[in-house]
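Q: predicted model and sequence follow; I will ask about them next.
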Amino acid sequence: MQSSETVIDVKDLVRVYRSSTGFIKRVKKETLAVDNISFSVKCGELFGMLGPNGAGKTTTIKMMTTLLTPTSGHITVLGHDVVTDPMEVRKHIGLVLGGEKGLYYRVTARQNLRYFADLYGVPMNIREERINELLRKVDLSDRADERVEDFSRGMKQRLHLAKGLINDPEVIFLDEPTIGLDPQAARDARSMIKTLIEEGKTMLLTTHYMFEADELCDRIAVVNKGKVVALDSPKGLKSLLKDMSIIEVEGFGITAAEIDSIKKLDGVKTVTASMNEDKQVLRVQVCDSSELLTPVANRLGNSKVIGVRVKEPTLEDAYLWLVESDA
Amino acid sequence: MPRIRAVTSSFRHQFLQFVAEPQWLIPNVILPFMITMVALIMFSGQQGNFVLYAVLGGGMMSMWGNTLYSSGWSIGSDRFNGTLEQILVTPSKLVWIIAGRSVWNALVGILNGVLIFVIAVSVYDADLTIRDPMLFFIAFFVTLLSLSMLGMLFCSAFVLTRQASVLTNGLEYPIYVGTGTMFPIAILPWWTNPLSLSLGPTWGIDAIRYAALDNYDGFSTGYWGDVGIMLALSFFYLAVAFVLFGVVEKKVRVDGSFVRY
Ligand SMILES: Nc1ncnc2c1ncn2[C@@H]1O[C@H](COP(=O)(O)OP(=O)(O)O)[C@@H](O)[C@H]1O
Ligand SMILES: [Mg+2]
């Protein structure tokens, strides 16, 4: 299904939120949420937007789906301008937002789908059939006539996905579709996304999980503070770090001061610390691991180090490198 | 986009949400019951016309309260639950979605009015004879039409801002009084009249009383005059609501205020 035809075209997109707080004394506040973004998505592609919280992903999705008006710049979806021709755009797109909201929780799953089918003008003679098919697809057939308020988080997210497909859209926008899901539910959601791609849908997905973007996306735009800082295939992004390697240190009792002193070493790009069960894990991005292995180990003299390994950079490392060097 | 379907499906959806939501009992059953009781106690010992006058006022009051409450509630809860952006992203225009809901809300208003009447007759044993039932029902339905269209107007304010509840809360009691629902409008200060006269229910309650009461001395417009003015006002509200919703839908997209942030 992949062809070179452009389905989504985003040009010089800017969005500023103007809000005011305070009742007696109004304080005006401006937030530059999206700062001159351009990219395009081809037919049949799964395009990812990867970035930390507040990077402007949701704002961009809402502009592409006609919910927000751009402050400046242009977006076309399937050749229709989202500002001047929003109705045409809406007929052909689906929007799936992550999280628990966005459903009528007092009524049943089937009643939710039926209402949205009507608002999308799904022909009456295929409405029930399509609802049943979608319920089967998201594995909710046997709970279809229960109220949504009794659903688990994962079930709500699957219903969201079904709702996003109710008008059989050509283009699907997914905003953090696995946020807040347990690992099994998140895996289910990802496999449903893969099925949709096999069916030839064009998709745009946002996430702040690197492995998710790596697993699913054909191309990824890394966004930070409203800007695209890199745009490439997962492989291409990883090769940005081809001259680098990662020194991974596992241990106990590593202090913030020790981490700081490693950061100050020449040739160290970034250092991230995380916990793996009860162990601390440091990932140190370096240009030349053979030269830096000893200095890094020396800086950790006062803590208990269990293991030191040199690793190939992952997409996560590329992402961290991009976001940190943008800071 | 088939507009009728947006209206009918929103009507049905509003009904489904209504029956699933037990908190509706308070404005729709308990409150009318209490209003009727209070009205009957106030007017106890009076002859039939006064009692009917009070019961009609009570019914109207609860219909009006219902309109304000539900027009605000339906959009407020959509914003709160994140469904407002889900309906905004469909190709159905918001104005038709709200129209369907308003018609359901108005129907609940009818049921309220009927309920009050039934309570008065069966529980309190009031003697309520309607002078002309046919004219009474015409007036009733036209009043409901104007109420639901007015409800739509309020609704556009709710789409725009979550502070709109200030508007409807503030309007509830002045309008009970201002429309002459509980008291004859003539005893109010003159400056309340321009506002009252621009509201459908003012004419509605007058028309209903013309149809129900013997020797009722209301507005000089008479029964059919009241009905005509109400119809004109309803179309006027609809036209204004249509324009307002266009403006509001645009503004909400510029502000990003369709979501609780
Ligand atoms: N409705 C809004 N009003 C004001 N500021 C907003 C609104 N929505 C988002 N923002 C701000 O815009 C920036 C980008 O937010 P968002 O697009 O939600 O990022 P992301 O989805 O990548 O986490 C953030 O700084 C956020 O605080
Ligand atoms: Mg977001």
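A: It's in. Ligands and ions are numbered 1, 2, ... in the order given.

Q: count the neighbours of B:Arg3 for me.
A: A total of 15 residues lie near B:Arg3 under the criterion other C-beta atoms under 10 Å in any protein chain shown. Where you see a C-beta, it was placed from the backbone N, CA and C, and this is true even at glycine.

Q: once you drop chain neighbours, what's closest to it?
A: B:Trp96 (4.8 Å; C-beta to C-beta, 6 or more residues apart in numbering or on different chains).

Q: go ahead and confirm the one you found touches B:Phe11.
A: No. B:Trp96 is not in contact with B:Phe11 according to C-beta atoms under 8 Å; the separation is 10.4 Å.

Q: ok, the two, which is more surrounded?
A: A count of neighbours by other C-beta under 10 Å puts B:Trp96 above the other of B:Trp96 and B:Phe11, at 22 against 19.

Q: mind listing what's buried in the helix or strand containing B:Val38?
A: Element membership of B:Val38, judged by DSSP states H and E, is helix B:31-42. Using 16 or more other C-beta atoms under 10 Å in any protein chain shown as the test for burial, helix B:31-42 gives B:31-33, B:35-37, B:39-40.

Q: by contact count, what packs against it?
A: Secondary-structure packing of helix B:31-42 (3 or more C-beta pairs under 8 Å, 6 or more residues apart in numbering or on different chains; DSSP states H and E): helix B:48-80, helix B:94-118.

Q: how far off centre is that helix?
A: The chain centre lies 19 Å from the centre of helix B:31-42; the measure is C-alpha atoms, centre = their mean, to the nearest Å.

Q: next, the angle helix B:94-118 makes with that helix.
A: For helix B:31-42 against helix B:94-118, the angle by axes from the mean of the first three to the mean of the last three C-alpha atoms, to 10 degrees is 40 degrees.

Q: the residue in the stretch 1-150 of chain B positioned nearest to ligand 1: neighbour count?
A: For the stretch 1-150 of chain B and ligand 1, the shortest gap (C-beta to the nearest ligand atom) falls at B:Glu85, measuring 10.8 Å. B:Glu85 has 21 neighbouring residues, counting by other C-beta under 10 Å.

Q: that one and A:Thr69, how far apart?
A: 14 Å (C-beta to C-beta, to the nearest Å).

Q: what does B:Gly113 give?
A: B:Gly113 is 43 Å from A:Thr69, by C-beta to C-beta.

Q: who has more neighbours, those two?
A: Comparing B:Gly113 with A:Thr69 by other C-beta under 10 Å, the one with more neighbours is B:Gly113, at 24 against 18.

Q: can you tell me the closest non-neighbouring residue to that one?
A: Nearest non-adjacent residue to B:Gly113, counting by C-beta to C-beta, 6+ apart: B:Gly59, 3.8 Å away.

Q: residue contacts, the one you found?
A: By C-beta atoms under 8 Å, 6 or more residues apart in numbering or on different chains, the contact set of B:Gly59 is B:32, B:36, B:112-113, B:116-117.

Q: of those residues, closest to ligand 2?
A: B:Asn112 (42.8 Å; C-beta to the ion).

Q: report the buried residues of the longest helix along chain A.
A: Looking across chain A with DSSP state H, the single longest helix is helix A:183-198. By neighbour count with 16+ other C-beta under 10 Å, helix A:183-198 contains the buried residues A:185-186, A:188-190, A:192-193, A:196-197.

Q: also stretch A:128-147?
A: Applying 16+ other C-beta under 10 Å to stretch A:128-147 flags A:130-131, A:134-135, A:137-138, A:140, A:143-144, A:147 as buried.

Q: and stretch B:134-151, by the same measure?
A: B:135-136, B:138-140, B:142-151.

Q: same check on stretch A:232-246?
A: So stretch A:232-246, judged by 16+ other C-beta under 10 Å, has buried residues A:234, A:237-238, A:240-241, A:244-246.

Q: can you check stretch A:251-266 too?
A: Those buried within stretch A:251-266 under the rule 16+ other C-beta under 10 Å are A:251, A:254, A:258-259, A:261-262.

Q: out of these, flag the one nearest to A:Leu119.
A: A:Ile259 (52.8 Å; C-beta to C-beta).

Q: elements contacting the helix or strand harbouring that closest one?
A: Element membership of A:Ile259, judged by DSSP H and E, is helix A:256-263. Under the contact criterion of 3+ C-beta pairs under 8 Å, 6+ apart, helix A:256-263 touches strand A:268-276, strand A:279-286, helix A:289-299.

Q: if we go to 7 Å?
A: Helix A:256-263 is packed against strand A:268-276, helix A:289-299, with contacts defined by 3 or more C-beta pairs under 7 Å, 6 or more residues apart in numbering or on different chains; DSSP states H and E.

Q: average pLDDT across the first one?
A: So that's strand A:268-276. The average pLDDT for strand A:268-276 rounds to 84.

Q: likewise the longest one?
A: The average pLDDT for helix A:289-299 rounds to 84.

Q: and the helix or strand following that helix, which residues are buried?
A: Going down the chain from helix A:289-299, the next helix or strand is strand A:304-311, by DSSP H and E. In terms of neighbour count (16+ other C-beta under 10 Å), strand A:304-311 has its buried residues at A:305, A:308.

Q: now stretch A:211-228
A: For stretch A:211-228, using 16+ other C-beta under 10 Å, the buried residues are A:212-214, A:216-228.

Q: between the buried residues of helix B:31-42, which is closest to ligand 2?
A: Distances from ligand 2 to those, taken by C-beta to the ion, are shortest for B:Leu31, at 41.6 Å.

Q: inside helices: which ones of the buried residues of stretch A:211-228?
A: Reading helices off these with DSSP H, I get A:212-214, A:216.

Q: just the element for the one residue in the stretch 51-200 of chain A that gets nearest to ligand 2, please.
A: Proximity of the stretch 51-200 of chain A to ligand 2 (C-beta to the ion) peaks at A:Thr58, 3.2 Å away. Applying DSSP H and E as the criterion places A:Thr58 in helix A:57-64.

Q: and chain A, which residues reach chain B?
A: Applying C-beta under 7 Å from any C-beta of the partner chain, one finds that chain A approaches chain B through A:17, A:65-69, A:87, A:90-91, A:95, A:101-107, A:111, A:115-116, A:118-121.

Q: buried among those residues? Need that as a selection in PyMOL.
A: To isolate the buried members of the residues of chain A next to chain B in PyMOL, using 16+ other C-beta under 10 Å:
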select buried, chain A and resi 17+65+66+67+68+69+90+91+95+101+102+103+104+105+106+107+111+115+116+118+119+120+121
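
Q: which of the residues of chain A next to chain B fall in helices?
A: A:87, A:90-91, A:111, A:115-116, A:118-119.

Q: let me have those residues in a markdown table, extended by pLDDT.
A: Putting those into a markdown table (pLDDT from 0 to 100) gives the following:
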| residue | pLDDT |
| --- | --- |
| A:Met87 | 94 |
| A:Arg90 | 97 |
| A:Lys91 | 96 |
| A:Gln111 | 97 |
| A:Tyr115 | 97 |
| A:Phe116 | 97 |
| A:Asp118 | 97 |
| A:Leu119 | 97 |
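
Q: okay, now the domains of chain A?
A: A:6-21+A:29-238, A:239-325 (automatic domain parsing).

Q: and the end-to-end length of the last one?
A: Translated: domain A:239-325. Taking C-alpha to C-alpha, to the nearest Å, domain A:239-325 runs 16 Å from one end to the other.

Q: for that domain, the distance to its chain's centre please.
A: 26 Å.

Q: and the residue nearest to B:Arg3, how close does it get to B:Val248?
A: In terms of C-beta to C-beta, B:Trp96 sits 14 Å off from B:Val248.

Q: now A:Asp317
A: 47 Å.

Q: neighbour count for the two, which is higher?
A: It is A:Asp317, of A:Asp317 and B:Val248, that has more neighbours when counted by other C-beta under 10 Å, with 24 against 21.

Q: if anything else comes up later, I'll come back, but that's it for now.
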